[in-house]
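A.B. asks: give me a model of this one.
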Amino acid sequence: MPRRLKGASSADTRSAILDLIRSSGRVSRIELSEKSGLTEATISKIVRTLIDGGLVVEAGFAESTGGKRPVLLELNAASRYALGVSLDYARISLVLCDLNGMALHSHSIPGSGRSKPQTVIDRVAREIGRFLDKHSVSRSDVIGIGVSGAGRQDTSGGVLRSSRHTGEWEEFAIEAALCEATDLPVILENDANCAALGEFWSGRVSTAHDFATIYMATGIGCGLVINGDVYRGASSNAGEIGHLSLDVDGPECFCGARGCLEVMATPAAIVRSAREHEQLWARLNLAEREGEDVRTSFATIATAAMTGDSDAEELVRQSAKYLATAVLGLANIFDLDRVYLAGPGFATAGPIYLEIVRDVLDRLAFMRKVHPVAVEMGETGPGAAARGAASVVLHSHLTPHHARA
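C.D. replies: Have a look, this model is predicted:
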C-alpha cells in the first residue's frame, strides 16, 4: 500500500504524485486520489502544475463507470532526457533515456584503460557533445548525467575508491570534473545501485515493493531499493554482497577476508577454475587467448555451458549455487519479495543462474510460506549500467521525496 501523503511538504507531494503516475503507466485523477489519500481537488491542482511543466500529458480516457469517462494521465516521456555513462576499463557506454527510463540511443567508446582520469573525463565530455548533436538533443532538455562505476564511494559521493586497475582514480572527483567539462549536473553512483534504480524506474516498480538487484560484471554487487530509494548505509556503500564470506577457511579475497562470494562465484573465479581444468581450458582454446580480458574468457565458458559442455556447465552451476546462497541470506535479512539478476555477467548463462537462485529461494527462503520471492532477469546488455545511471538522474531530479523519506 503506498504511503499516505497528508502532511508532506508541497514539493514532496508533487514529487510523490509524479512517481505514482510513473509507476502506474496510465492513471486517472480519481485513482491518484485513492492511492495517495489526497482530495481530488488537491490532485487536480498538482496535476495541472505537472502538465504546465511539460512532465505529464493527458492520454485518452478510461472506461466509464456510470458517469463521465475519466481522463488518463501519463509521463510526457519526450519532454526531458537523462544521459547515462558507464565508466569501465574495457569500454565506456553512453545511453540517452527518456523520462520513462527507456533507452533511445546508445554509443560506446574505448574504455578508460590505464589513461589518466582527467584524460578519460575530457574524452567522455567530447563524446557526449558529439552524441547529443548527432541525435539533435538540446542540452537544455538534458536534466543531467548519471555516471556508473565499480568501486566504493567516499563519504562525499563524488569519488570511487578501490579501483583495482589504477590508484589515480582513488582521489579523483569524477562528479566535479565531468560537470565542469560538460556544464551539466552529474551524479556518480556504483554500478549495482544504478542497475537497481534502472529496474525501479523503467520497470515501473511500485514503492510498495522492496527488492534487490544482483549486478554481475567482472565482480558481483547488489543494489537494494527500500521504500522507493536505494538503501545506502553509513557511507553509501551498502550492498557489497561480493564480500559476504561463504567459507571462513576459503581462498583469500583482496579485501582481506576469506571465502568471499567475490572469489568463489564471479566470472574471474570461473575463469581461474577453468584454467585449472586442463582439458576444458584446451578444448575452449583459452590458452591461445590468454591475453583476453576476464569477461571475454568468461563469455566463452558461459557459451560452452549453454551449448552442452558438461565441464563448463558444472563451473557455472557451482558459481550459481554460491550466488544463490548469498541471495538467500539477503532475502531473509531484508524480507524481500523480488530479486533481479542484471549485468553483462548474466548475459549468456543467465538461465542457469535464474534456475538455481529460484530453486533455492523457493525451497529455503525463511518467509516462503508467507510470500514467495520472485526472481527475474533484469537488464543484461552492455548498456545496462549506463541505462541505470540515467535512471539515477531521473530518480534524483523527478522524485526527490524518496531520498528524504
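A.B. asks: ok, what's across the strand from Phe211?
C.D. replies: Beta-bridge pairing for Phe211 (DSSP bridges): Val225, Arg338.
A.B. asks: OK, contacts around it?
C.D. replies: Listed by C-beta atoms under 8 Å, 6 or more residues apart in numbering, the contact set of Phe211 reads 196, 199-200, 205, 224-225, 336-340. For glycine as for every other residue, the C-beta is placed from the backbone atoms N, C-alpha and C.
A.B. asks: distance of it from Ala320?
C.D. replies: Taking C-beta to C-beta, to the nearest Å as the measure, Phe211 and Ala320 are separated by 19 Å.
A.B. asks: burial measure for the closest residue in space to Tyr322 that isn't next to it in sequence, as a count.
C.D. replies: Excluding the flanking residues, the one nearest Tyr322 by C-beta to C-beta, 6 or more residues apart in numbering is Ala265, at 3.9 Å. Taking other C-beta atoms under 10 Å as the criterion, the count of residues near Ala265 is 27.
A.B. asks: do the one 10 residues further on as well
C.D. replies: Counted with other C-beta under 10 Å, the neighbours of Arg275 add up to 14.
A.B. asks: can you check Gly329 too?
C.D. replies: When neighbours are counted by other C-beta under 10 Å, Gly329 comes out with 14.
A.B. asks: helix or strand for it, which one?
C.D. replies: Secondary-structure element containing Gly329, defined by DSSP states H and E: helix 310-334.
A.B. asks: now that helix: mean pLDDT?
C.D. replies: For helix 310-334, the per-residue pLDDT values average out at 97.
A.B. asks: just checking, what packs against it?
C.D. replies: The elements that helix 310-334 packs onto, with contact taken as 3 or more C-beta pairs under 8 Å, 6 or more residues apart in numbering; DSSP states H and E, are strand 211-216, strand 220-226, helix 261-264, helix 267-276, helix 278-283, helix 294-306, strand 338-342, helix 350-364.
A.B. asks: please spell out which residues along that helix are buried.
C.D. replies: Taking 16 or more other C-beta atoms under 10 Å as the neighbour-count basis, helix 310-334 is seen to contain the buried residues 311-313, 315-328, 330-331.
A.B. asks: give me the angle between it and strand 338-342.
C.D. replies: Helix 310-334 and strand 338-342 meet at an angle of 140 degrees, taking axes from the mean of the first three to the mean of the last three C-alpha atoms, to 10 degrees as the criterion.
A.B. asks: so helix 310-334 versus helix 267-276, what angle?
C.D. replies: 150 degrees.
A.B. asks: residue ranges of each domain in this structure, please.
C.D. replies: 10-78, 79-198+385-404, 203-381 (automatic domain parsing).
A.B. asks: least trustworthy helix or strand in the chain by mean pLDDT?
C.D. replies: Taking mean pLDDT, DSSP states H and E as the measure, the helices and strands of the chain show their lowest mean at strand 160-161, namely a mean of 52.
A.B. asks: quick one: buried residues of the very next helix or strand once past it?
C.D. replies: For strand 160-161, the succeeding helix or strand toward the C-terminus, using DSSP H and E, is helix 174-182. If you call a residue buried by 16+ other C-beta under 10 Å, then helix 174-182 has these buried ones: 174-175, 177-179, 181-182.
A.B. asks: quick one: list the elements packing against helix 174-182.
C.D. replies: Using 3+ C-beta pairs under 8 Å, 6+ apart as the contact test, the elements touching helix 174-182 are helix 117-134, strand 142-149, strand 186-190.
A.B. asks: what separation is there between Ser297 and Leu284?
C.D. replies: Distance from Ser297 to Leu284, counting by C-beta to C-beta: 9 Å.
A.B. asks: between those two, point out the one with more neighbours.
C.D. replies: Comparing Ser297 with Leu284 by neighbour count (other C-beta under 10 Å), the higher total belongs to Ser297, at 23 against 20.
A.B. asks: where does the more buried one land on pLDDT?
C.D. replies: The predicted local confidence for Ser297 comes out at a pLDDT of 91.
A.B. asks: quick one, the helix holding Gly329 and helix 294-306 angle?
C.D. replies: Using the same axes, to 10 degrees, helix 310-334 lies at 110 degrees relative to helix 294-306.
A.B. asks: helix 310-334 vs strand 211-216, what angle?
C.D. replies: Put simply, helix 310-334 runs at 150 degrees to strand 211-216, going by the same axes, to 10 degrees.
A.B. asks: and helix 310-334, how far from the chain's centre?
C.D. replies: 20 Å (C-alpha atoms, centre = their mean, to the nearest Å).
A.B. asks: tell me which helix or strand the nearest residue to His135 once chain neighbours are set aside sits in.
C.D. replies: When the adjacent residues along the chain are set aside, His135 lies closest to His105, with 5.1 Å between them (C-beta to C-beta, 6+ apart). Element membership of His105 [criterion: DSSP H and E] is strand 103-110.
A.B. asks: can you point out the buried residues in that strand?
C.D. replies: Under the neighbour-count rule (16+ other C-beta under 10 Å), strand 103-110 has 103, 106-108 buried.
A.B. asks: low-confidence ranges in this protein?
C.D. replies: With pLDDT under 70 as the threshold, the chain has low-confidence stretches at 1-9, 66, 151-167, 203-208, 288-292, 401-405.
A.B. asks: centre-most residue in it?
C.D. replies: Most central residue of the chain, judged by C-alpha distance to the mean C-alpha position with C-alpha atoms, centre = their mean, is Ala195 at 0.7 Å.
A.B. asks: state the distance from that residue to Ala177.
C.D. replies: From Ala195 over to Ala177 the distance is 24 Å, taken as C-beta to C-beta.
A.B. asks: with Val370 instead?
C.D. replies: Distance, Val370 to Ala177, using C-beta to C-beta: 48 Å.
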